[in-house]
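1. got a structure for you, letters missing:
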């Protein structure tokens, strides 16, 4: 049995733990060669593969892999067209799979990656291929359907909440009126921005308001809420999602002067929301404002991952491997929660179509729109996902990583 | 013996460790009351003091204090005028010190705070006061004169280098031309931006170029260097100081459209340098660019401090207390390095004037201007300062802090 595994889409702090899970489970199951695709599906198209036995030649390297942010195999944003539109891609991919005698194909990624798995497994079925295709979810956005949550989210949420606790402490230092707006990632889904609510606890008042893309954004009301809140508290810290939208459908960041680029999937680059809002509040309210974009830090802070998340990411890789061996194809690993306290989650294999190309947003009933904060239901959902720490391996004062393959 | 201690200026991740050092050394020396100034010198002016025995009533709280970012006593940016200009402030301060029967006065801060200590000790000498005034340096900028380095710098440098290792790994993920510009704090001194050089190691190629305020910035040459570098490497990561200046003396961030505010000391708000440079490169070179500002995260990341730095910050507090007991006044704690390998540093008390109101910049001979990188001398200097970790105390998945007093 030969196996191939790839990573796609935006990186997370634990996407490599899933790679480690697939690899170790495959070896345990007696796999011959475990191939890694270099830069996702483009690696298959170009037959640019790597024998992972050569890369992970010591147990230490697998330990480092679990602590290495970003996608160790590289990633791509190559959008596989339908087999009708571009049959050449499919012929090329399946000829490489045949040449390399691949039995199982794993793709670790988000929405777009699940779409790739969906298309390949459908095509494989049509041509009578025996290759099994299994998707392993990862996304800090947590927007995949039909799974309780996605690996990558817990660690990003832990980083967001930790960082907010720290910047809140920092922002409180002067006795004056100030407004800090922190911009958090999440395309059209506010899961990660909502995790800012976790900062609140015995030792921290938390963020003062949270604005999610699930609620249509009203600039005037926003400024009004800030003004109102500041009557009772001088130093405000507000969390906003990068993908806030106003009533006419435009992103808030599009209201700023600076033009927005599009990425290779045609997605708009979302950045500048906090900066824009800080400038508006500074002008309208005459208060000192600052904007912070957590930017890519929130998806690659492997020095501060959630052990729960790392473990689940790894186990998802193992589960995928075993599902493929059991003959499943066209499926993705999904998490089903059976209990919040104590936290219990089971994995299952679900039809890939259920995960591909849909976006799961935060339930409106978990959002307190009036007070711009998260309800207890969200906290009960998110808290178990940030528990535990995987200690980095420090050398010379800095965490060690595995180099990109 | 009664003691008073305050914190001022911008926070760091270890400024509270110095507070812990002063407090514990004072109690050990048999001090009666150890007062904390609320919000720095303004706390003295308003007789807004707190008995630290009440706040630190358990050993656990002192352990938390060492792991709490920002200034636990609050801070201020109150600029004490000269005694000639504003005698009322001085009369008020000394009447409070007399009323509270204060013997020793400690101020933990940067340039401006050392200036406050300098003025108060000079005034005290003039009126025959017996109060001893001692300054304890702290600044992530590392720009204080007459000390090898300042507590706060090592931890900020460790955060910068760690974060850069992670975002570099993240930036390498796509096989395409891209430019990431990371903006690092440091007013007129490039020490912290230079610490980005520490990211380079066995497992990381490091940043591709570093631009410090010590070198006059030339926009055209900058773009040219990027273009040249990109001929051999697709994904570039560049570190820039927030306070880069062009030949006519303007900050690079002033070249952007957005106006810059001034803070209460009349310092310009430096922000937007990376964003501006990223936009210029995007327009001129037609490449995908991204800007990241590490913002206040780099000065408050107490979840990732340098144990060397925390220990020195604490010991500086202890040293200050003992210096005051020994009768010293108008002095600041200074570090003198006697060896890089093994790292050895001794403390001494130096005339406060030597630290106040001067800025220490990075020696030009440590900067490779042509290749925009740091020379070995800088690495030998900075490496010892980021060694070791102080593990956070985690509760429910997040690091615990002490609340602001």
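-> Done, it's in. The structure presented is a predicted model; accordingly, all values stated were derived computationally and were not measured.
2. quick check: phi and psi at the nearest residue to residue A:108 once chain neighbours are set aside.
-> Once flanking residues are discounted, residue A:108 sits nearest to residue A:136: 4.4 Å by Cβ to Cβ, 6 or more residues apart in numbering or on different chains. Placement of C-beta: from N, CA and C, glycine included. Per-residue torsions, residue A:136: phi -120, psi 120 (degrees, to the nearest 10).
3. contacts only, for residue A:136.
-> Counting by Cβ atoms under 8 Å, 6 or more residues apart in numbering or on different chains, residue A:136 touches A:18, A:22, A:106-109, A:151, A:316-317, A:320, A:332-333.
4. how about the residues of the stretch 1-150 of chain A by chain B?
-> Taking Cβ under 8 Å from any Cβ of the partner chain, the part of the stretch 1-150 of chain A that reaches chain B is made up of A:11, A:39, A:42, A:64, A:68-71, A:74-77.
5. which residues in the stretch 201-350 of chain A form helices?
-> A:219-229, A:273-285, A:297-300, A:307-325 (DSSP state H, counting those that start in this stretch).
6. ok, the third one near chain B or not?
-> Yes - judged by Cβ under 8 Å from any Cβ, helix A:297-300 comes into contact with chain B through A:297, A:299-300.
7. neighbour-wise, give me the winner out of those residues.
-> Tallying neighbours with other Cβ atoms under 10 Å in any protein chain shown puts residue A:300 at the head of those, with 29 neighbours.
8. wait, doesn't residue A:158 sit right on residue A:383?
-> No - contact status for residue A:158 versus residue A:383: not in contact, 10.4 Å apart, counting by Cβ atoms under 8 Å.
9. neighbour count: those two, which is higher?
-> The neighbour comparison of residue A:158 against residue A:383 (other Cβ under 10 Å) goes to residue A:158, with 30 against 20.
10. which residues does the more buried one contact?
-> With Cβ under 8 Å, 6+ apart, residue A:158 has these contacts: A:304-306, A:309, A:386, B:397-398.
11. next, give me the two most distant ones among the residues you listed.
-> A:309 and B:398 (13.9 Å; Cβ to Cβ).
12. list residues touching both of those two?
-> Joint contacts of residue A:309 and residue B:398 (Cβ under 8 Å, 6+ apart) are A:158, A:386.
13. for those two, indicate the residue with more neighbours.
-> Shown here are residue A:309 and residue B:398; by other Cβ under 10 Å, residue A:309 has more neighbours (28 against 24).
14. any idea which element the residue lying closest to the more buried one once chain neighbours are set aside lies in?
-> Take residue A:309 and drop its neighbours on the chain: the residue closest to it by Cβ to Cβ, 6+ apart is residue A:154, 3.2 Å away. For residue A:154, the host element (DSSP states H and E) is helix A:153-171.
15. and that helix, how far out from the chain middle?
-> Chain-centre distance of helix A:153-171: 16 Å, with Cα atoms, centre = their mean, to the nearest Å.
16. helix or strand right after that helix?
-> According to DSSP H and E, the helix or strand after helix A:153-171 is strand A:178-184.
17. packing partners for that following strand?
-> Other elements packing on strand A:178-184 under the criterion 3 or more Cβ pairs under 8 Å, 6 or more residues apart in numbering or on different chains; DSSP states H and E are helix A:153-171, strand A:235-241, helix A:273-285, strand A:288-293.
18. and that strand, what's buried?
-> Neighbour counts over strand A:178-184 (16 or more other Cβ atoms under 10 Å in any protein chain shown) mark A:178-184 as buried.
19. could you do stretch A:62-81 as well?
-> Applying a neighbour-count criterion of 16+ other Cβ under 10 Å, one finds A:62, A:64-78, A:80 buried in stretch A:62-81.
20. and the stretch 201-350 of chain A, which residues reach chain B?
-> A:201, A:203-204, A:257-258, A:261, A:271, A:279, A:282, A:288, A:290, A:292-293, A:295-297, A:299-304, A:306.
21. if we go to 7 Å?
-> A:203-204, A:258, A:279, A:292-293, A:295-297, A:299-304, A:306 (Cβ under 7 Å from any Cβ of the partner chain).
22. which of these sit farthest apart?
-> A:203 and A:258 (37.7 Å).
23. show the model's pLDDT score for the closest residue to residue A:110 other than its chain neighbours.
-> Nearest non-adjacent residue to residue A:110, counting by Cβ to Cβ, 6+ apart: residue A:139, 3.9 Å away. Among the per-residue scores, residue A:139 shows a pLDDT of 96.
24. same question, the one 4 residues further on
-> Per-residue confidence for residue A:143 comes out at a pLDDT of 95.
25. who are the contact partners of it?
-> Residues in contact with residue A:143 (Cβ atoms under 7 Å, 6 or more residues apart in numbering or on different chains) are A:189, A:191, A:359-360.
26. residue A:294 now?
-> Residues in contact with residue A:294 (Cβ under 7 Å, 6+ apart) are A:160, A:163, A:182-185.
27. ok, now residue A:169?
-> Counting by Cβ under 7 Å, 6+ apart, residue A:169 touches B:68-70, B:300, B:401, B:404.
28. residue A:100: which of the buried residues of strand A:178-184 is nearest?
-> residue A:184 (40.8 Å).
29. what pLDDT is listed against that closest one?
-> For residue A:184, pLDDT reads 98.
30. also the one 4 residues further on?
-> At residue A:188, the predicted lDDT confidence score is 92.
31. picking up where we left off before, out of the contacts of residue A:136, name the ones that lie in strands.
-> Counting by DSSP state E, those place A:106-109, A:332-333 in strands.
32. just the buried members of those residues?
-> For these, buried by 16+ other Cβ under 10 Å: A:106-109, A:332-333.
33. ok so, going back, can you put the buried residues of strand A:178-184 in CSV and add distance to residue A:375?
-> CSV is the format used below for the buried residues of strand A:178-184 (distance: Cβ to Cβ, whole Å):
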residue, distance to residue A:375
A:178, 28
A:179, 24
A:180, 24
A:181, 22
A:182, 20
A:183, 22
A:184, 18
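34. which single one of those is nearest to chain B?
-> Nearest to chain B among those is residue A:180, at 8.1 Å by Cβ to the nearest Cβ.
35. so what's the closest one up against?
-> By Cβ under 7 Å, 6+ apart, residue A:180 lies in contact with A:167, A:171, A:237, A:290, A:292.
36. quick one: the helices and strands packed on strand A:178-184 as CSV, columns for mean pLDDT too.
-> Output for the helices and strands packed on strand A:178-184, formatted as CSV (pLDDT from 0 to 100):
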stretch, mean pLDDT
helix A:153-171, 98
strand A:235-241, 98
helix A:273-285, 95
strand A:288-293, 95
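37. mind checking how far residue A:354 is from chain B?
-> Separation of residue A:354 from chain B (Cβ to the nearest Cβ, to the nearest Å): 27 Å.
38. quick one, phi/psi of that residue?
-> phi -70, psi -30.
39. excluding covalently adjacent residues, which one is nearest to it?
-> Using Cβ to Cβ, 6+ apart, the nearest residue to residue A:354 is residue A:146, at 4.0 Å.
40. can you give me every residue that contacts residue A:174?
-> By Cβ under 7 Å, 6+ apart, the contact list for residue A:174 reads B:75-77.
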